[in-house]
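[1] Here is the input, now give the coordinates:
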Amino acid sequence: MIPPMRSLAALAVPFALLACAEETAPDPNAPRTFEFGPYEIAPNGEVTDDCVQITLHNDDYLFINSVELTTGPGFHHSNWFFVPEHTFAGEDGTYNCDSRDFNEPVAAIFGGVLFAQSTQAPHELQQFPEGVVIKIPPHSKIVTQIHLLNPTDAPLVVTPNIKIFPIAESRVTTTLAGISFQNQALGLPPNKASRFTIECDLAPTHNTVFQRDPDFKIYYALAHYHELGTGISVEAVKPDGTAANVYTTTTAVGDSLGGMIAPSFDMTGYTKLRFSCNFFNPRQEVVKWGVGDQEMCVFLAFSDSTYNWGGGVNERDEPANPVEVGNATHFTNPCTVFANDASR
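    Okay, the predicted model is just below:
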């Protein structure tokens, strides 16, 4: 269990030292490290239904410029969100996700995305440019669903920690919101390369909300897939079909699958995001969406839009419209787009 942070009352100094209180008061913008666990993972074991909650005890806004996660072998993946303290109510620590009805879309709607971990990366730093931040409202907590996986024949013990780096509001130049798209319509053909694509039209929703086409900038992106993934590509598409690359990765799991987009990608003139996941399946059976030895296809990002954007194929539909391209089979499915106001 994670011990609750000490209240400000517990930090009170004796009356004789009150004159020094201003000098000794903790810096609200100092880095803060939160340890959770430890977790013992059985040989060849997997845990997918545990969640973690850490209350921030923040009376004011926090402006987070970077987040650092340190885990270790066996800590497969986690996506971190901030939510109001009363959401998914309960004590800090590790708990069964179903006991509080935790799910990531609800966390994104009621709060926002804080950090996304690359698959099996034991250490990762999510760093934004100077002055660019995620804004966390007062009285928030951070939450995640953890995925632990031990492929070895010996038990593993891991004691992770997550560290946040706030900056003063006076230094803030840009506030970010989350982008999250996934494609659950996976069916990797046996002994073959394959590609799964969705094309997501942001213009109808953006025009309804802002009375104009998309014009936000994308600052950071991260991919999530498992051991059969060979990369993703994210493209911005204009109404005439012209496309430009936003983010591409070809690294394997265990390496960092996220990073800054420098310079940031300007969506002005583009109305869609085209998201593709590439795989090679050496097995004799079809591989579908799921944990364990199954696959995933997820794109996460941060933009300076005042709205969170997300969607894709959020049900385990069958992959559609197969086309043979060289030695690979390409599939395309329709994309559903959601958006909610991220301003607070």
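[2] Phi and psi next, for residue 208.
    Per-residue torsions, residue 208: phi -60, psi -40 (degrees, to the nearest 10).
[3] Could you give the number of residues near it?
    For residue 208, the number of neighbouring residues by other Cβ atoms under 10 Å comes to 9. (Each C-beta comes from the backbone N, C-alpha and C, glycine too.)
[4] ok, now which ones touch it?
    For residue 208, the contact set (Cβ atoms under 8 Å, 6 or more residues apart in numbering) is empty.
[5] Kindly provide the distance from it to residue 268.
    Using Cβ to Cβ, to the nearest Å, we find residue 208 at a distance of 18 Å from residue 268.
[6] repeat for residue 202
    Taking Cβ to Cβ, one finds residue 202 at 12 Å from residue 268.
[7] what touches both of those two?
    Common contacts of residue 202 and residue 268 (Cβ under 8 Å, 6+ apart): residue 214.
[8] Tell me which of those two has more neighbours.
    Ranked by neighbour count (other Cβ under 10 Å), residue 202 and residue 268 place residue 202 first, with 25 against 12.
[9] Not counting residues beside it along the chain, what's closest to the more buried one?
    Leaving aside its chain neighbours, residue 202 sits nearest to residue 214 (5.1 Å; criterion: Cβ to Cβ, 6 or more residues apart in numbering).
[10] Name the secondary structure element that contains the one you found.
    Of the helices and strands defined by DSSP states H and E, none includes residue 214.
[11] For residue 125, see how far away it is.
    For residue 214, the distance to residue 125 equals 29 Å [Cβ to Cβ].
[12] neighbour-wise, which of the two wins?
    Set residue 214 next to residue 125 and count neighbours by other Cβ under 10 Å: residue 214 wins out with 24 against 14.
[13] and the more buried one, what is it in contact with?
    202-203, 206, 267-268, 270-271, 305.
[14] Kindly check the end-to-end length of stretch 211-221 for me.
    26 Å (Cα to Cα, to the nearest Å).
[15] ugh, wrong one, I meant stretch 81-92
    End to end - Cα to Cα - stretch 81-92 spans 14 Å.
[16] tell me the pLDDT at the closest residue to residue 285 other than its chain neighbours?
    Nearest residue to residue 285, sequence neighbours excluded (Cβ to Cβ, 6+ apart): residue 190, at 6.0 Å. Listed pLDDT for residue 190 reads 97.
[17] which other residues reach stretch 126-140?
    56, 58-69, 82-85, 111-116, 167, 171-176, 219-220, 258, 260, 262, 302, 344.
[18] how about that stretch: buried residues?
    Applying a neighbour-count criterion of 16 or more other Cβ atoms under 10 Å, the buried positions in stretch 126-140 are 126, 128, 132-137, 140.
[19] Return the distance of that stretch from the chain's centre.
    Mean-position distance between stretch 126-140 and its chain equals 14 Å (Cα atoms, centre = their mean, to the nearest Å).
[20] try stretch 131-150
    For stretch 131-150, the gap between its own C-alpha mean and the chain's C-alpha mean amounts to 9 Å (Cα atoms, centre = their mean).
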